[in-house]
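Q: need the 3D shape of this:
(one chain, ligands or ions: 1)
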Amino acid sequence: MTLFAKILAGEIPADFVYQDELAVAFRDISPQAPFHALVIPRKPLTSVAAAEQEDAGLLGHLLRVAAKIAADAGLDERGYRVVTNVGEDGGQTVEHLHLHVLGGRAMSWPPG
Ligand code: AMP
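A: Here you go, the predicted model:
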């Protein structure tokens with residue numbers, strides 16, 4: 001069971017900012033920006049690489065949730081970043097698909 005599956009099951013506490021029947025979002029425990037939350041599907045997909053065509057609607061929903069929580073956090077005017085890490089080179093540490101939503105400061109490019 002992954003860490004995020006335990007959060008979904010209520011076995012580990014999280015600071016939720018959004019919940020619906022398909023997805024939840026909660027604040028990252030180690031924020032890399034003034035606002036840093038993770039959007040995850042309830043479905044236990046390992047990463048975006050594991051998503052099938054049948055998950056296309058779910059993936060779109062996750063992006064919509066990311067935009068909603070960013071707007072709710074007041075990030076619309078200045079902008080923000082949505083990123084998902086995949087695998088070792090992508091820097092993924094938790095094997096449950098998650099979108100990072102980061103904002104409240106200017107982001108650099110390219111990422112490290
Ligand atoms: P990644 O490295 O892309 O797999 O992202 C995993 C993220 O999960 C990191 O940004 C961690 O800080 C975050 N994280 C780890 N444990 C927790 C936790 N218990 N609650 C919230 N976020 C966590």
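Q: what's the neighbour count on Pro111?
A: 9 (other CB atoms under 10 Å). Heads up, the C-betas are built off the backbone N, CA and C, glycines and all.
Q: look at it and report its pLDDT.
A: We note a pLDDT of 93 for Pro111 in this prediction.
Q: assumed it was part of a helix.
A: No. Counting by DSSP: H, G, I helix; E, B strand; the rest coil, Pro111 is not part of a helix but coil.
Q: show the contacting residues for it.
A: Pro111 is in contact with Val83, counting by CB atoms under 8 Å, 6 or more residues apart in numbering.
Q: can you name the residues of this protein that neighbour the ligand?
A: Counting by CB under 6 Å from any ligand atom, the chain comes close to the ligand at 3, 12, 14, 26, 28-30, 38, 85, 91-94.
Q: which among the residues you listed end up buried?
A: 14, 26, 28, 38, 85, 92, 94 (16 or more other CB atoms under 10 Å).
Q: how close does the first one get to Ala50?
A: Ala14 sits at a distance of 22 Å from Ala50 (criterion: CB to CB, to the nearest Å).
Q: same thing with the fourth one?
A: Distance of Leu38 to Ala50, computed by CB to CB: 17 Å.
Q: would you mind finding the longest helix in the chain?
A: helix 56-72 (DSSP state H).
Q: isn't there a helix covering Val17?
A: No. Under three-state DSSP, Val17 sits outside any helix and is assigned strand.
Q: OK, contacts around it?
A: With CB under 8 Å, 6+ apart, Val17 has these contacts: 25-27, 37, 69, 72-73.
Q: for these, which one is nearest Lys43?
A: Ala25 (14.9 Å; CB to CB).
Q: which ones are touching the nearest residue to that closest one once chain neighbours are set aside?
A: Of all residues not flanking Ala25 in the chain, Tyr18 sits nearest, at 4.0 Å (CB to CB, 6 or more residues apart in numbering). If you count contacts by CB under 8 Å, 6+ apart, Tyr18 has them with 24-25, 39, 65, 68-69, 72.
Q: then Asp89?
A: Counting by CB under 8 Å, 6+ apart, Asp89 has no contacts.
Q: next one: the one 10 residues further on
A: Residues in contact with Leu99, defined by CB under 8 Å, 6+ apart, are 38-40, 62-63, 66, 82-84.
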